[in-house]
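Sequence first, predicted model second:
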Amino acid sequence: MSHEQFEEAVALYAVGALERQERQTLEAHLLTGCAACHSSLKEYRAVAGIFPYGLSPSKVPRSLKLKVLAARLPGVAPSEGSPTTPETRLSPGLRIGALLPSLLPMPARVFSPAFAIVLALLLAGTASYTVYLHLQSHAELEQRQRVEAALQQETARLATLQEQLTQQEQAIGTLREEFNRRIGNLGEVQTTIAQQDTELALLRAELAQRREETGNLRRALAQRDDMLTILRSPAVKVISLAGLEHAKSAGAFLLFDLESKKAFFYAFNMPPLPPGKTYQLWAILDKPVSAGTFVTDPGQKGRFIVRNVPDLSRVTKFAVSLEPMGGRPQPTGDIYLAGEL
């Protein structure tokens, strides 16, 4: 078997759906220490373990119960009005197994059990991911509220500084009037004015700093709003990027909102950036198209909102390269991350 066939067989092995010979072949491959197959097996087993909790009970019509009994249990054919006894009552497992063939459309009945198991695992993974997005959205909402509270505090401090600036300007005006009235005491008045001018310059510098901090908070809040919009969208598509030779422990994912045509990019465990360098995200179509640049924080993580994502139907893969600060029209540096659609 090729390695691709081993990877396809891991999902069936996790739920015990392989034939004996295929199972023994896969187990022999796992004993060789293949890290990729061991990682996939661990993920599939985790999903298979929570799958039963995603099923919800539903009441079966009595007429359908009778049909299932007649078809699945020869010799047991209760009438429409006969009471249900312990002998004629179906267990939950038998009820589900008997009902599935009659409820599925004809094309689905000819699918193999292995395909049904893989489909069930995919549905379970989708449910788990939906729960994760809900929790992530709740956490981001709480963080947004904290940012808004900090923004309100900074706005109040900005108003206080503005009031102090107005008071200082009024004080300078008063001193200048006093200077005109007391021309004989010019030296003393000029010294006082110089001190007030120094204080005014300091206040203006602090005001400019506060305005810059407020602008940063507003931009961060806008990014949080865009990210929350993407996370709450029912049409979000997840694209994973894996680390290559220069960043084997790194990884990233791209949450693409098919409705707003925006995406949230998040990278982690990225190597430290050399001076004068930046990371650049590329969408690979007929040729690479830049989707934006980003730098990493002290935790070696990077994130940004992509507002000009190309049409996904034309994109074959996404990649991240190391480029000079400001980015380049085409990739010139080493590729650190890559992921195919």
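Received, thanks.

going forward, measure contacts between C-alpha atoms and count neighbours the same way
Noted.

Residue 41: what's it in contact with?
Applying Cα atoms under 8 Å, 6 or more residues apart in numbering to residue 41 gives the contacts 10, 11, 14.

And it, what's its pLDDT?
What the model reports as pLDDT for residue 41 is 82.

how much space between it and residue 178?
As defined by Cα to Cα, to the nearest Å, residue 41 lies at a distance of 85 Å from residue 178.

which of the residues in stretch 192-204 are buried?
193, 196, 200, 203 (16 or more other Cα atoms under 10 Å).

distance of the second one from residue 171?
What it means is residue 196. As for residue 196, its distance to residue 171 is 8 Å (criterion: Cα to Cα).

Same check on the last one?
Note on residue 203: its distance to residue 171, by Cα to Cα, is 14 Å.

ok, back up a step: just put the buried residues of stretch 192-204 in TSV and tack on pLDDT and distance to residue 257.
Below are the buried residues of stretch 192-204 laid out as TSV (pLDDT from 0 to 100; distance: Cα to Cα, whole Å):
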residue	pLDDT	distance to residue 257
193	84	59
196	84	55
200	87	49
203	85	44
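
tell me the two of those that are most distant?
Between any two of the buried residues of stretch 192-204, the greatest separation by Cα to Cα is 15.0 Å, found for 193 and 203.

what residues are up against residue 210?
154, 158.

Try it again at 10 Å.
In this structure, residue 210 makes contact with 154, 155, 157, 158, 161, 204, 216, judged by Cα atoms under 10 Å, 6 or more residues apart in numbering.

what do you get for residue 261?
230, 236, 306, 307, 308, 309, 310, 311, 312.

quick revisit: any idea which of the contacts of residue 210 has the most stuff around it?
For those, the largest number of neighbours (other Cα atoms under 10 Å) sits with residue 158, at 19 neighbours.

Hmm, it is touching residue 204, no?
No. Using Cα atoms under 10 Å, residue 158 makes no contact with residue 204, being 11.0 Å away.

For the stretch 101-250 of the chain, which segments are assigned as strands?
Ranges of strands within the stretch 101-250 of the chain are 236-243, based on DSSP state E, counting those that start in this stretch.

quick one, helices of it?
Counting by DSSP state H, counting those that start in this stretch, the stretch 101-250 of the chain has these helices, from start to end: 106-109, 113-181, 186-232.

would you turn the ones you listed into a markdown table with distance to residue 18?
As requested, the helices of the stretch 101-250 of the chain are exported to a markdown table (distance: least, Cα to Cα, whole Å):
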| stretch | distance to residue 18 |
| --- | --- |
| helix 106-109 | 20 |
| helix 113-181 | 8 |
| helix 186-232 | 37 |
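
Nearest to residue 245 among those helices would be which one?
Across the helices of the stretch 101-250 of the chain, the minimum distance to residue 245, taken as Cα to Cα, is reached by helix 113-181, at 28.9 Å.

so how far is residue 196 from residue 9?
Separation of residue 9 from residue 196 (Cα to Cα) stands at 79 Å.

any weak-confidence spans in the stretch 51-200 of the chain?
Along the stretch 51-200 of the chain, the model assigns pLDDT under 70 to residues 51-60, 62, 64-65, 68-69, 71-116, 127, 134, 184-186.

if we can go back for a sec, ok, of the contacts of residue 261, which come out buried?
Applying 16+ other Cα under 10 Å to the contacts of residue 261 flags 230, 236, 306, 309, 310 as buried.

ok, the third one to residue 210 distance?
Right, the one you point to is residue 306. 28 Å.

do the same with the fourth one
Separation of residue 309 from residue 210 (Cα to Cα) stands at 34 Å.
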